[in-house]
Structures are given as C-alpha cells and as structure tokens.
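Trainee: pasting the sequence and the predicted coordinates here, then a few questions.
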2 protein chains.
Amino acid sequence: MQLLKDRIRAEGKVLPGNILKVGSFLNHQMDIDLFNEIGREFARRFADVPVNRILTIEASGIGIACIAAQYFGVPVVFAKKAKSGNVSGDVLVTNVKSYTHNTAYDVIVAKEFILPGESVLIIDDFLANGCALEGLIDLVHAAGAKVAGAGIVIEKGFQDGGKRLRESGIRVESLAIVERMSDAGEIDFRDE
Amino acid sequence: MQLLKDRIRAEGKVLPGNILKVGSFLNHQMDIDLFNEIGREFARRFADVPVNRILTIEASGIGIACIAAQYFGVPVVFAKKAKSGNVSGDVLVTNVKSYTHNTAYDVIVAKEFILPGESVLIIDDFLANGCALEGLIDLVHAAGAKVAGAGIVIEKGFQDGGKRLRESGIRVESLAIVERMSDAGEIDFRDE
C-alpha cells in the first residue's frame, strides 16, 4: 500500500534495537483518514472470505480494527492483556511471551464474544516475532471458530513471525513489509 | 441518548460494587454502528466549540474516539498508562489514582501530539470518580492547550466525578447518566 509506505518513510523513526516509531500516525497519534484507507484496503484483500467478526488486541490495534470494521459491517472484539494467573470467569485465555520486554502475559477474551463456527479476521498494527498474533489465533481456535486471516499494517519482514505464520497456513496480509532498516533511518520495503 | 440507554437497559449487567458491565457493545465487544451514532451525537453536542484534536486514554476509549473523530475531521491521540517512574523522553506525565484497583499509575502523552493553543476534546467510555478524566485535563493544560469539553458515553451519576468536574468549569456531555443501579439489575437514568 503505497500511501502507507510513503508515510512510514516520511515520518517513521528508526531507533536502535530494530524499533520503528510511527507514533505520529499509527499508534499514539492516529490519522483517521489514513485508517480509513487501511480499512478499505483490508476489505479489498479479504473480499473473497467470509468475515463474521474482527478480533484485535489492546491497545494500539483497537482504532484500526474499529475503522476497518465499517468496511466489513461486523463487530470488533479486543482481547485484553492480564497479569498471568489474574483471570477468572467465563473467558478464553492464552499465554503470550513478549521478547521485547522479556515477560509473559495472559491474553483473554470472553467466551460469549467468539462463537463456534465463526470466521474471524484478526487485525493488528504490527507483526514482528508473531507471538501476540499466535495468541489471538489460539483464542479463535479455542472458541471453535476459524481464522479468516490476519490483516497487519506493518510487518517487520526481517523477523520471523510472518514467515512462520504463513508456513502454518494462516493468510497474512501486511500492507507494508519492512525488509531492512538502517541506523541512518533508511527503510527498504519488500517487493520494491 | 435514548438508543444508548435502551441498549444499557437491555444488555448491561449490574454487579456488586456498583459495577456496570457493558462488554457486549461498549468495551470488550464493540458495536461499530452504535459507535457511529455516539460519534454523531458528540459532534452535535460540541458543534459550537472548536475542536482541533481528540484525546482519549487506552484502552476502551480508543475505539469510540476513532469513530467519533470522523465527525470532527481531526486526529486522535491516546494517552498511555505506564508504571509510575517508568517514563522517559519528551512526554507530558500525570499521576492518576485508581480507587477501583487501589493503585496509582502514570498517564503519558508525547509533547509533540498536543500543541499549545489547541482546543482538545476528551472522549472516554466511562466517568465515575473522575480521576482518569482529571489526569487527561492535566495533560492538556500542561501542553498549553485548552479543554473543549469531555464527551462521555456512560456517567455514573451517583459517584462524584461529573459533579466535581462541572463545578470546576469543564463542560461534560454524558450520553447516559446512571442515577441509580439496584442489585436486582434495575437501572435508573437521570432526566427520565
């Protein structure tokens, strides 16, 4: 998605540790016009599969998922992060490792909000090592539903999450795949 | 807003400790059609004041703020919760007490995303004791901007946040004000 790649090149900041800061439009300040273009593009790419529901994870996936949902006409559910062991009630739980912060946390969703047999589209802002996305996929499967695919805004193609998930049979559609970032701030995208 | 009150009566669950669960449409599963009606109503109520930016706080305010922003044509910024003392860089910080969880946390926003002189509309899903909202107001003032008002989906009118904020001069527009909830699940709204 050229509009998105141009924006990443113009405003993205590369920091040590392969961090790409895009807080000016994606995950701190949010450009709603851009989100609408992103939502339209997800709808175009997933036009050939049924989507009954969109699932995302707090916090930075929520805005994108809500705007995108307008093009699918479905509700959004956001999975919540909880301290491991601090979960009760009628919920689905999975544990996610965070390599960035060297911790683990539970991700939960109420059972009543993903129904057996549904086709669930997962949307998130970033895909890197894929652990959060795998957690969401676990939740969908635990609910007896199936994953329509994963719509990702920015994939870090130099980390292995996207490759591993595609090899496992998940359809991953990333609107911008960063192949390489340099400390000088240069960003190369896949397929350019 | 009658549509919202009807939905709260139909699906809201009253739990001990004055908890009102509305996860089926507001803050776990999110009904995007309802969010659009909410956004339209906020735009109608705040039509007479300039709004340069919408500010909310993670996580459950984000979806409502993003959908509402479409009716204002402005970007959204969400303030982030951080462990107290775990903040660095060019950010505005304020400390918020959580009576519900008997803790305190820092709320931060990057300085570059609220500019001096701007008129900022704050949007959130709930207003109870008002501590989170007061934190957001502090951040707006610290940025040298002014508060256009606060758009709240559900206010717990039997807690004192709304009263205190209105007395301090903040324009608070709550789309449903719960005056009383009973353990049997009855919900009374103000002005009915």
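Mentor: Looks like it arrived, so ask away. A quick note: this is a predicted structure, and the numbers were derived from the prediction, not measured.

Trainee: mind listing the helices for chain A?
Mentor: A:2-11, A:32-45, A:62-69, A:131-142, A:161-167 (DSSP state H).

Trainee: in contact with the residue most central in space within chain A, which residues are there?
Mentor: Against the mean C-alpha coordinate of chain A, by Cα atoms, centre = their mean, the closest residue is A:Asp124 at 1.8 Å. By Cβ atoms under 8 Å, 6 or more residues apart in numbering or on different chains, the residues touching A:Asp124 are A:Thr56, A:Ile57, A:Ser60, A:Gly61, A:Ile64, A:Ala132, A:Leu133, A:Leu136, A:Ala150, A:Gly151, A:Ile152, A:Val153. For glycine as for every other residue, the C-beta is placed from the backbone atoms N, C-alpha and C.

Trainee: repeat that with 7 Å
Mentor: With contact taken as Cβ atoms under 7 Å, 6 or more residues apart in numbering or on different chains, A:Asp124 is in contact with A:Thr56, A:Ile57, A:Gly61, A:Ala132, A:Leu133, A:Ile152.

Trainee: how much space between it and chain B?
Mentor: Between A:Asp124 and chain B the computed distance is 13 Å (Cβ to the nearest Cβ, to the nearest Å).

Trainee: which residue packs closest to that residue, ignoring adjacent ones?
Mentor: A:Gly61 (4.4 Å; Cβ to Cβ, 6 or more residues apart in numbering or on different chains).

Trainee: so stretch A:127-134, near chain B or not?
Mentor: No - using Cβ under 7 Å from any Cβ of the partner chain, no contact is recorded between stretch A:127-134 and chain B, whose separation bottoms out at 14.1 Å.

Trainee: who are the contact partners of A:Ala110?
Mentor: A:Asp90, A:Val91, B:Gly23, B:His28.

Trainee: if we can go back for a sec, now mean neighbour count, distance to A:Asn52 and mean pLDDT too, for the helices of chain A, in CSV please.
Mentor: Listed next are the helices of chain A as CSV, based on neighbours: other Cβ atoms under 10 Å in any protein chain shown; distance: least, Cβ to Cβ, whole Å; pLDDT from 0 to 100:
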stretch, mean neighbour count, distance to A:Asn52, mean pLDDT
helix A:2-11, 15, 26, 97
helix A:32-45, 19, 14, 98
helix A:62-69, 28, 11, 98
helix A:131-142, 20, 11, 97
helix A:161-167, 17, 21, 98
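
Trainee: out of the ones you listed, which gets nearest to B:Arg7?
Mentor: B:Arg7 lies closest to helix A:62-69 among the helices of chain A, at 17.1 Å (Cβ to Cβ).

Trainee: what angle do the closest one and helix A:32-45 make?
Mentor: 50 degrees (axes from the mean of the first three to the mean of the last three Cα atoms, to 10 degrees).

Trainee: other SSEs contacting helix A:62-69?
Mentor: If you count contacts as 3 or more Cβ pairs under 7 Å, 6 or more residues apart in numbering or on different chains; DSSP states H and E, helix A:62-69 packs onto helix A:32-45, strand A:53-57, strand A:76-82, strand A:119-127, helix B:32-45, helix B:62-69.

Trainee: can you dump the C-alpha atoms of the second one in CSV for me?
Mentor: What that stands for is strand A:53-57. Provided in CSV are the C-alpha atoms of strand A:53-57 (Å, rounded to 0.1, in the frame of the first residue of the first chain):
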residue,chain,number,x,y,z
ARG,A,53,-16.1,-10.7,13.4
ILE,A,54,-12.8,-8.8,13.8
LEU,A,55,-10.5,-9.6,16.7
THR,A,56,-7.7,-7.4,17.8
ILE,A,57,-5.6,-6.8,21.0
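
Trainee: what's the neighbour count on the closest residue in space to A:Ile122 that isn't next to it in sequence?
Mentor: Excluding the flanking residues, the one nearest A:Ile122 by Cβ to Cβ, 6+ apart is A:Ala150, at 4.6 Å. Using other Cβ atoms under 10 Å in any protein chain shown, A:Ala150 has 26 other residues around it.

Trainee: format the helices and strands packed on helix A:62-69 as CSV; extra columns: distance to A:Asp191.
Mentor: Converted to CSV, the helices and strands packed on helix A:62-69 look like this (distance: least, Cβ to Cβ, whole Å):
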stretch, distance to A:Asp191
helix A:32-45, 14
strand A:53-57, 25
strand A:76-82, 29
strand A:119-127, 16
helix B:32-45, 32
helix B:62-69, 29
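
Trainee: what's the closest of those to B:Ala82?
Mentor: Across the helices and strands packed on helix A:62-69, closest to B:Ala82 is strand A:76-82 (Cβ to Cβ), at 14.0 Å.

Trainee: the closest one vs chain B: in contact?
Mentor: Yes - applying Cβ under 7 Å from any Cβ, one finds strand A:76-82 touching chain B at A:Val76, A:Val77, A:Phe78.
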